[in-house]
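Trainee: following is a predicted model, sequence given first.
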2 protein chains.
Amino acid sequence: MDGGVKSIDWAQVVADLAPIECIADRALVRQKSRDFFWYSPVLNERLKGVRGDLVVAPASEDEVVRTLAYCHARRIPVTPRGAGTGNYGQAMPLEGGVVLDLSRLDRFLGLEDGVARVQAGLKLIDLEAHTLPQGWELRFHPSTRRTATIGGFVAGGSGGVGSIQFGGLRNRGNVLGLRLVTMEAEPRILELGGDDVMPAVHAYGTNGIITELAMPLARAWPWHEAIVSFADIGPASAFANALGEADGVMKKLIAVFDWGAAQYFKPLLGHLVPRQAIALVMINDGAREAFSSLVAAHGGTPVFERPYGAESDDIPPLYEFTWNHTTLWALKADRTITYLQCLFAGPDYLDKIARTIATFGDETPMHLELTRFDGRIAAFGLQLVRYTSERRLYEIIGWLESSGIPVADPHTFILEDGGMKTVDEAQLAFKRQNDPLGLLNPGKMKAWSAPPCS
Amino acid sequence: MDGGVKSIDWAQVVADLAPIECIADRALVRQKSRDFFWYSPVLNERLKGVRGDLVVAPASEDEVVRTLAYCHARRIPVTPRGAGTGNYGQAMPLEGGVVLDLSRLDRFLGLEDGVARVQAGLKLIDLEAHTLPQGWELRFHPSTRRTATIGGFVAGGSGGVGSIQFGGLRNRGNVLGLRLVTMEAEPRILELGGDDVMPAVHAYGTNGIITELAMPLARAWPWHEAIVSFADIGPASAFANALGEADGVMKKLIAVFDWGAAQYFKPLLGHLVPRQAIALVMINDGAREAFSSLVAAHGGTPVFERPYGAESDDIPPLYEFTWNHTTLWALKADRTITYLQCLFAGPDYLDKIARTIATFGDETPMHLELTRFDGRIAAFGLQLVRYTSERRLYEIIGWLESSGIPVADPHTFILEDGGMKTVDEAQLAFKRQNDPLGLLNPGKMKAWSAPPCS
């Protein structure tokens, strides 16, 4: 399948946009049109043929403005992307047209009072390469820290390694400011701060192109990585919760896996006890003794420890087994596997986890990422799914939702269906202002096709 | 009333202990025998005449060992003290004898990987004078930061400014290690770490004398102080809770006062709106815009803001209006006032606060200190009490406890009665080992007089 926009002379576009870098090579365009949507067999079926017509890779905000004005004039759809590490087809150009590769917008602009000002295409790892020597680190990052861009994370992500301390992108204070270019005849550059950043966060670039960000950082810590083994996922979850609630122990990561999920962590297998559940954690180095007491109190056995940053060729940083990387390890071994994203929250959240496990067993090997959610410890369930059919997948989702366990469906590319299942009026209103022709990342915002409220 | 030990020739003790510094002057001994017990009219009545016989002020751990061995041989009670800033008579020498002033044990021993090793008598402010230039600060401190010692805080305190982030001393990981001298013929020096530190924390020095501590620090932050005014304490409390639960905003202090309490903050009055409730907060500087949004969403009005550390002669650091300093401001204006210490916790904690206010009104002007308590936001109630009688005081305490609001009674000098109301078997067992004759801070540990479990 070719890109969706047929009436355009793409060679002319390349010439018109010069000297802005463009890629027209079919194979490269196809490669740059894809993200990790194939985590989902449902999305894979629907999106595998999708591709853009042209990749445009601006190297400055001015070039972004020029590109958008040009595409607006010719009604060319524009779908932005960072490193393409999203899993929900966020960056898939459903209607073809231009894939706007922002990865050349990679300048580190400054660090002041713990706030990093950066261009959107800067990789997370490169951002931290600037800030770590000055004692600062990202508050939280996806498991794709070594490949993802900061703009892609803010536009398409939600939280990650560090959310156990700082919550997620949706929480006030975790994105301090951003510059956004609108899709109009004369694109405006908006400087947003405070609550005004929110409509552009996790909007998949549907209501503007983020070019710069002001990100609040955390003081860098000497973190310590550990894997703890438990007879069963029950005590592993109880331990994880207790560690989450241990106010005197700082932590950056608490992930829990039953053996059904852990068995795919090939580089770790030499350290794991077959058939046991594990917790993967990052704690502050000074808390090691307190941590050991807590482990012992919950019947756990430490099976692996090392200072964070000491990864070897054999074993990558432990966070690369967590969050959305977990599914990747499983997919490497078994292409029929997919996953879910749900929220176990509330005072009975450990019960909800236990009931889910009792109901689905090894059909959905359990994977939990503990997080702070509105000030309390909760767990995202990113359980694997031994996929049989779309129908069965949605049966499982139905059971979860009717059991008071909200699902952020990772098997849809629709913005609203993936998250809170409601139309975000602020995001929609913002799109009406900033992209009146609906050219930005078309097909992702369900509410867009609804009639505007007068 | 003289000290309680009559048969001792104190001049001989001074001579025997030389060159260890001793103070025998009656007025000075009386002064060094007192803490802030007079916050409580009940304690004031019971303790006002209490004094030691001799102050001994060792300048090294060796001198502590020598003093304890000497006092053990002569059966002289020893009551340790830091700066004497406790409010519960923790440091009052009930049976006279030696007041062991540890404030000359004030060496800063080192800072490594965010852990400060210090002698117990080091003042908190001097500890931070060493660590702040290297980018580290105390995780939390009492409102007496400018006068209290670290050992006194660990032995007699519980939490304070910063507990909204790190919980309290009772939480694993907040005291990493300590050296403790036992009260025996040949005093032992115990090096404790992990959970083993716990029996010596908040034990009032009844089971050993802390000489050194390993304290985990937090990375220092550019904090921002603010006072926000609200029509009523209801919205002020709701705001405080929302700020507590705002995971993207770092905070070090969230205190709430109704006008009945705030009216005593003389240096602040020019900024306050009469009859309104206020919240005093410290947030990370980078979160100011997010904070403003939250304030606006809760109908608050910022009435005072400044960077932390910019205090003037007119207005001391805002934390000096919070925690136990609040009562001090009230006592300066009205000597009949005292206070309570209770815990509003659980999912209905805001309701509990509202019911308490509805029941007692201006008899107990409300003062809340938000904290993390086992991973969740809760509030310590340090409400003022317009004291009429001991009987009425215990009526109020009775109502609170029967309403599911535990009270840590600040009107008792008994260790167990002030806290969880249960005998701490570990503390008791530890005292049996370390102070078999019961000479350390006698009269404070209720369980001591009970027969030992076999």
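Mentor: Nice, I can see it.
Trainee: contacts, neighbours, all on C-alpha from now
Mentor: OK.
Trainee: quick check: the one residue in the stretch 351-454 of chain A that gets nearest to chain B vs residue A:261, distance?
Mentor: Among the residues of the stretch 351-454 of chain A, residue A:375 lies nearest to chain B; the distance is 3.8 Å by CA to the nearest CA. Separation of residue A:375 from residue A:261 (CA to CA, to the nearest Å) stands at 28 Å.
Trainee: quick one: residues contacting the residue nearest the centre of chain A.
Mentor: Computing the C-alpha centroid of chain A and ranking residues by CA atoms, centre = their mean puts residue A:157 first, at 3.3 Å. By CA atoms under 8 Å, 6 or more residues apart in numbering or on different chains, the contact set of residue A:157 is A:86, A:142, A:169, A:202.
Trainee: nearest to chain B, of those residues?
Mentor: For those, the residue nearest chain B by CA to the nearest CA is residue A:169; the value is 8.2 Å.
Trainee: so who does that closest one touch?
Mentor: A:154, A:157, A:158, A:159, A:175, A:201, A:202.
Trainee: tell me the residues of the stretch 51-200 of chain A that contact chain B?
Mentor: Applying CA under 8 Å from any CA of the partner chain, one finds that the stretch 51-200 of chain A approaches chain B through A:113-115, A:165-168, A:171-174, A:176, A:193-195.
Trainee: look up how far residue A:333 lies from residue A:257.
Mentor: 16 Å.
Trainee: out of those two, which sits in the busier spot?
Mentor: Neighbour count, other CA atoms under 10 Å in any protein chain shown: between residue A:257 and residue A:333, residue A:257 has more, with 27 against 13.
Trainee: in the stretch 101-250 of chain A, what residue is nearest chain B?
Mentor: Closest point on the stretch 101-250 of chain A to chain B, by CA to the nearest CA, is residue A:245, at 3.8 Å.
Trainee: give me the distance from the lowest-mean-pLDDT helix or strand in chain A to the chain's centre.
Mentor: Lowest mean confidence among the helices and strands of chain A (mean pLDDT, DSSP states H and E): helix A:415-418, at a mean of 82. Centroid displacement of helix A:415-418 relative to its chain, using CA atoms, centre = their mean, to the nearest Å, is 14 Å.
Trainee: so after that helix, what's the next helix or strand?
Mentor: Where DSSP states H and E defines the elements, the next helix or strand beyond helix A:415-418 is helix A:425-434.
Trainee: list of residues touching that next one?
Mentor: A:182, A:183, A:184, A:199, A:200, A:203, A:206, A:207, A:208, A:438, A:447, A:448.
Trainee: can you do 10 Å?
Mentor: The contact list for helix A:425-434 (CA atoms under 10 Å, 6 or more residues apart in numbering or on different chains) reads A:180-184, A:187-188, A:190, A:196, A:198-203, A:205-209, A:424, A:435-438, A:440, A:445-448, A:452-453.
Trainee: narrow those to those in strands?
Mentor: Using DSSP state E, the members of these that fall in strands are A:180, A:181, A:190, A:209.
Trainee: in contact with residue A:203, which residues?
Mentor: A:90, A:154-157, A:209, A:415-416, A:424, A:427-428, A:431, A:441, A:444-445.
Trainee: for the stretch 201-350 of chain A, what spans make up the strands?
Mentor: Applying DSSP state E, counting those that start in this stretch to the stretch 201-350 of chain A gives strands spanning A:209-219, A:223-230, A:251-257, A:277-284, A:301-307, A:337-339, A:342-344.
Trainee: right, and those - which one's nearest residue B:359?
Mentor: strand A:342-344 (37.1 Å; CA to CA).
Trainee: show me what that closest one is packed against.
Mentor: On a contact count with 3 or more CA pairs under 10 Å, 6 or more residues apart in numbering or on different chains; DSSP states H and E, strand A:342-344 meets helix A:349-360, strand A:367-373, strand A:376-381, helix A:390-402.
Trainee: distance check, residue A:139 against residue A:53.
Mentor: Using CA to CA, residue A:139 is found at 37 Å from residue A:53.
Trainee: ok, now residue A:149?
Mentor: The value you get for residue A:149 to residue A:53, if CA to CA is used, is 23 Å.
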